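Asker: quick one, structure for this:
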Amino acid sequence: MQLVNHNEYQEVISKDLALVVFFAQWCEPCKILDEMLSKLENQYDNIDFFMIDCDENKDLVRELRIISVPTIHIYKKTELLKVIEGLQTEGALKGTLNLYG
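Answerer: Numbering: from 1, shown residues only. Modelled structure (predicted):
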């Protein structure tokens, strides 16, 4: 997964299909999610995976009203399709990705 910042955000969400994970370095559930998504990323060639560090991008986090980590946003050409808050099971993530990917 590619780590991006506030300046790259608009470009990232304009992709055909983008999954953006909002995380924090200190967040244990975020680390578990990172491992799961790293495996799943190889199975979904049509979805671009990105990560945004909430502590490094506080203005964007405030603007998007991210209140917990991890939070996943799925976008299709800037349209927000889905918000997932908290750690999900791998099966639940696959189910969601199958809907969009």
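Asker: flag every buried residue along stretch 14-24.
Answerer: Going by neighbour count (16 or more other Cβ atoms under 10 Å), the buried part of stretch 14-24 is 15, 17, 18, 19, 20, 21, 22, 23, 24. All C-beta spots, glycine's among them, are computed from the backbone N, C-alpha and C.
Asker: gap between stretch 16-26 and the chain center?
Answerer: 3 Å (Cα atoms, centre = their mean, to the nearest Å).
Asker: output it as PDB, nothing but the C-alphas.
Answerer: In PDB, the C-alpha atoms belonging to stretch 16-26 read as follows (Å, rounded to 0.1, in the frame of the first residue of the first chain):
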ATOM      1  CA  ASP A  16     -11.300   4.500 -10.900                       C
ATOM      2  CA  LEU A  17     -11.400   2.700  -7.600                       C
ATOM      3  CA  ALA A  18      -9.400   3.600  -4.500                       C
ATOM      4  CA  LEU A  19      -9.300   2.200  -1.000                       C
ATOM      5  CA  VAL A  20      -7.900   4.700   1.500                       C
ATOM      6  CA  VAL A  21      -7.000   3.600   5.000                       C
ATOM      7  CA  PHE A  22      -6.700   6.300   7.700                       C
ATOM      8  CA  PHE A  23      -4.400   5.000  10.400                       C
ATOM      9  CA  ALA A  24      -2.000   5.900  13.200                       C
ATOM     10  CA  GLN A  25       1.400   4.500  13.900                       C
ATOM     11  CA  TRP A  26       0.500   3.800  17.500                       C
END
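Asker: longest helix in this structure, please.
Answerer: Taking DSSP state H as the criterion, the chain has its longest helix at helix 28-41.
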